[in-house]
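Asker: for reference, the sequence and a predicted model appear below.
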Amino acid sequence: MATLTCPVCAAEIKPADLICFTCGANLPLTRARDDDPPAPVTVMQEYLRRDDARGAISPSVLRLAFPTGNVEVPAGTSLLLGRDPEDSLVAAAFASYENVSRRHATVTVDDAGHATIRDEHSTNGTFVNGDRVLPGIGVRLADGDTVRLAGDVSAEVSLPRQEPDPATLSREDPR
């Protein structure tokens with residue numbers, strides 16, 4: 001079996017990779033036959049922000065399970081979802097969906113692991129649990145939510161349970 005290499009930097013890649021983890025180039029989506037559905041793949045940004053206090057990598061990762069594969073966003077990062085390979089690290093996942101805009105939506109996970117999605121003025125809209133996300137406005141995501149790009153590209157949200165925000169805790173009696 002021949003070794004696959006990145007067309008930009010010639011680093012070794014795996015057949016299911018959507019991006020080269022050496023240079024960041026988008027890789028062409030290859031299929032054995034036109035009628036075969038794409039195999040699920042996992043895409044993750046190549047860096048993780050470290051917790052300054054302990055030096056540990058944050059365990060909070062948002063996972064969006066799309067039909068073409070999983071998209072993972074670590075805490076402290078954001079990721080553009082869309083078909084434009086110059087802007088989106090996961091453009092190959094949406095290449096066959098012409099109703100997904102080139103710059104469709106941005107998913108952000110803050111350092112505390114709270115996730116939001118913002119529609120980037122897409123043509124066919126972004127939806128969370130069936131409700132349309134207003135362009136430019138971030139909407140909070142929770143574990144189990146359903147995100148839909150345009151009319152038919154849906155993903156289930158998986159987000160680890162978050163620790164309570166200390167600002168919301170109170171010593172007062174809840175009665």
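Answerer: On my side now, so go ahead.

Asker: quick check, central residue of the chain?
Answerer: residue 71 (4.0 Å; C-alpha atoms, centre = their mean).

Asker: mind telling me what element residue 24 is part of?
Answerer: Applying DSSP states H and E as the criterion places residue 24 outside every helix and strand.

Asker: least trustworthy helix or strand in this structure by mean pLDDT?
Answerer: Between all helices and strands in the chain, the lowest mean by mean pLDDT, DSSP states H and E belongs to strand 41-44, at a mean of 45.

Asker: what stretches of the chain score poorly on pLDDT?
Answerer: 1-2, 29-60, 161-175 (pLDDT under 70).

Asker: can we see that at 80?
Answerer: Across the chain, residues meeting the criterion (pLDDT under 80) sit at 1-3, 15-60, 160-175.

Asker: pretty sure residue 144 is touching residue 128, no?
Answerer: No. Counting by C-beta atoms under 8 Å, residue 144 does not reach residue 128; the two are 11.3 Å apart. Every residue, glycine included, has its C-beta placed from N, CA and C.

Asker: these two: who's more crowded?
Answerer: Neighbour count, other C-beta atoms under 10 Å: between residue 144 and residue 128, residue 128 has more, with 19 against 10.

Asker: is that one in a bridge, and if so with what?
Answerer: Judged by DSSP bridges, the bridge partners of residue 128 are residue 131, residue 147.

Asker: quick one: it and residue 149 touch, right?
Answerer: No. Counting by C-beta under 8 Å, residue 128 stays clear of residue 149, with 10.8 Å between them.

Asker: so where do the strands sit in the chain?
Answerer: Applying DSSP state E to the chain gives strands spanning 41-44, 61-66, 69-74, 77-81, 105-109, 115-119, 126-128, 131-132, 138-141, 146-149, 153-158.

Asker: ok, which of these comes nearest residue 7?
Answerer: Smallest distance to residue 7 across the strands of the chain (C-beta to C-beta): 17.7 Å, for strand 41-44.

Asker: picking up where we left off before, in space, what's closest to the residue nearest to the centre of the chain - neighbours in sequence excluded?
Answerer: Excluding the flanking residues, the one nearest residue 71 by C-beta to C-beta, 6 or more residues apart in numbering is residue 64, at 4.5 Å.

Asker: next one: residue 158
Answerer: In space, residue 158 is closest to residue 63, 4.1 Å off (C-beta to C-beta, 6+ apart).

Asker: show me the contacts for that neighbour.
Answerer: Residues in contact with residue 63 (C-beta atoms under 8 Å, 6 or more residues apart in numbering) are 70-73, 157-159.
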